[in-house]
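[1] need the 3D shape of this:
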Amino acid sequence: MSVNINETLDKMVRDKQMTYMDAILKYTNDVDCEIEMVAKMLNKQIKDKIEAEAYELNMMKDRSSKLPL
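    Predicted structure coming up:
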């Protein structure tokens, strides 16, 4: 039986009202695997959602580069 990590994470986010970052941490703890291993298996859609969460939480710098004036 193959587990689709992307579907599992989507279901966790929907059902448990958590962020994708929290869902990944919970998933890796539940199945006892490394975050890096899961990161390689994520599709672009989930990676984009995680990036949006990070921007929203000010964990990443703004995408646009601004010249100092």
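
[2] hang on, isn't residue 18 packed against residue 12?
    Yes - between residue 18 and residue 12 there is a contact under Cβ atoms under 8 Å: 6.4 Å. C-betas here are computed from N, CA, C, even on glycine.

[3] so the two - more neighbours on which side?
    Neighbour totals were compared for residue 18 and residue 12, and residue 12 leads with 19 against 15 (other Cβ atoms under 10 Å).

[4] for that one, give its distance to residue 24.
    The gap separating residue 12 from residue 24 is 9 Å, by Cβ to Cβ, to the nearest Å.

[5] one more: residue 51?
    Distance of residue 51 to residue 24, computed by Cβ to Cβ: 13 Å.

[6] per-residue confidence for the closest residue to residue 24 other than its chain neighbours?
    With Cβ to Cβ, 6 or more residues apart in numbering as the criterion, residue 24 has its nearest non-adjacent residue at 6.0 Å, and that residue is residue 38. Residue 38 carries a pLDDT value of 93.

[7] same question for residue 2.
    Looking at residue 2, its pLDDT reads 50.

[8] so residue 28 makes contact with residue 39?
    No - with contact defined as Cβ under 8 Å, residue 28 does not count as touching residue 39 (9.7 Å).

[9] ok so, going back, I figured the residue nearest to residue 24 was touching residue 25, is that so?
    No - contact criterion Cβ under 8 Å: residue 38 and residue 25 do not qualify, at 9.7 Å.

[10] neighbour-wise, which of these two wins?
    Using other Cβ under 10 Å as the criterion, residue 38 and residue 25 rank with residue 38 on top: 17 against 14.

[11] give the contact list for that one.
    Residue 38 sits next to 5, 24, 27, 28 when contact means Cβ atoms under 8 Å, 6 or more residues apart in numbering.
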